[in-house]
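Asks: Based on what follows, work out the 3D shape:
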Amino acid sequence: MSYTADHKQKFTDLNHHLAHQDQLRRKANGGNSILFSYPPEDEMLYIRQAREVYGETAEFIDISRLLVQFIDEDDWSSFAEYYNDFANTPHQVFKSDNDTPDLFDLIIDAIKETSSRGKIPFLIRSGCLYGTGIENVNIMEHRDVMGLKQPLVIFYPSTITGENLQFLNFKPASQYRCVLVN
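Replies: Numbers count the residues shown, from 1 in each chain. Have a look, this model is predicted:
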C-alpha cells in the first residue's frame, strides 16, 4: 500500500495507543512500547509526518547519530580494529555487559533523558541496528523502558509477511512486549 493511502490510518492508530496506555500494557504483554511499522523505502516520509504531528509532545532520538557518536568516542582506526576482533559477535561491541558505555547504553540513556523531560521518546532510523546484535526486543524489554511514564515509540522499517514481522523486509523480528502499528 502506498504512503498516501496508508499513513493516515497508521497515525490514527498511533494516536489511539498513545492515548490509552493502560490498554497498551495489556496488549503488549506488560510492555510499554509501540512498534510503528512502515516500508523501508518510505522512511523519510513517515519521519517527516511524525515530526509535524508530534513535534510538541515527542523527542526524536536518531539512532544513526548515536551510532556515529559511539564510533567517534574512540578514533575510527581503534573502532575498526575492535570491531574486526568481534566481527562474528557484534553484540559484544554494541551491547556488552561490561561497564564501558556502548551503543545500547547510549540508546537507553537517550530514552530515559527524553522521558525525564516529559516528552514521548520516538526512536528513529532504527535500521541502523542491523548488524549490531541489538534487537528491538532488547530495547523494549529493558527495565527502564518498561517503567517509563510514556510509551516508547520505535519507528521500524519493516513489512508483514503472513503473520511475521520482517525488519528491513527480510529479517524476522519480535512483536513481543509491544503493540504493532502496521
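Asks: where in this structure is pLDDT low?
Replies: 1-2, 5 (pLDDT under 70).
Asks: all helices for it, in order.
Replies: Counting by DSSP state H, the chain has helices at residues 3-19, 21-27, 43-54, 63-72, 76-85, 91-94, 103-116, 136-140, 143-146.
Asks: looking at those helices, which is buried most?
Replies: Burial of these is given as mean neighbour count (mean count of other Cβ atoms under 10 Å); helix 136-140 ranks first at a mean of 21. All C-beta spots, glycine's among them, are computed from the backbone N, C-alpha and C.
Asks: Show me the residue sitting in the middle of this structure in space.
Replies: Central residue of the chain (Cα atoms, centre = their mean): I154, 3.7 Å from the mean position.
Asks: Look up which residues are beta-bridged to it.
Replies: L35, L123 (DSSP bridges).
Asks: Tell me who's in contact with it.
Replies: By Cβ atoms under 8 Å, 6 or more residues apart in numbering, the contact list for I154 reads 33-36, 122-123, 126, 136, 139-140, 178.
Asks: Kindly recompute the last result at 6 Å.
Replies: Residues counted as contacts of I154 (Cβ atoms under 6 Å, 6 or more residues apart in numbering) are 35, 123, 126.
Asks: F60 is in contact with the second one, correct?
Replies: No. The criterion here is Cβ atoms under 6 Å, and L123 misses it with F60 at 8.2 Å.
Asks: So the two - more neighbours on which side?
Replies: Between L123 and F60, counted using other Cβ atoms under 10 Å, L123 has the larger neighbour count: 25 against 19.
Asks: what about that one, distance to A87?
Replies: 25 Å (Cβ to Cβ, to the nearest Å).
Asks: okay, now T161: neighbour count?
Replies: 11.
Asks: what bridges to it?
Replies: Counting by DSSP bridges, T161 forms beta bridges with N164.
Asks: Could you shift the numbering so residue one becomes 18, and keep it that way?
Replies: New numbering, starting at 18: the last item is T178.
Asks: how much space is there between it and K44?
Replies: 22 Å.
Asks: what does S54 give?
Replies: Per Cβ to Cβ, S54 is found 15 Å from K44.
Asks: again with T131
Replies: 23 Å.
Asks: before we move on, the earlier item: can the contacts of I171 go into TSV with extra columns for distance to T149?
Replies: As requested, the contacts of I171 are arranged in TSV below (distance: Cβ to Cβ, whole Å):
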residue	distance to T149
L52	18
L140	13
S143	11
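Asks: about what we covered before: of the helices of the chain, which is nearest S191?
Replies: Nearest to S191, of all the helices of the chain, is helix 153-157, at 4.0 Å by Cβ to Cβ.
Asks: contacts for the closest one?
Replies: In contact with helix 153-157 (Cβ under 6 Å, 6+ apart) are residues 48, 50, 190-191, 193-195.
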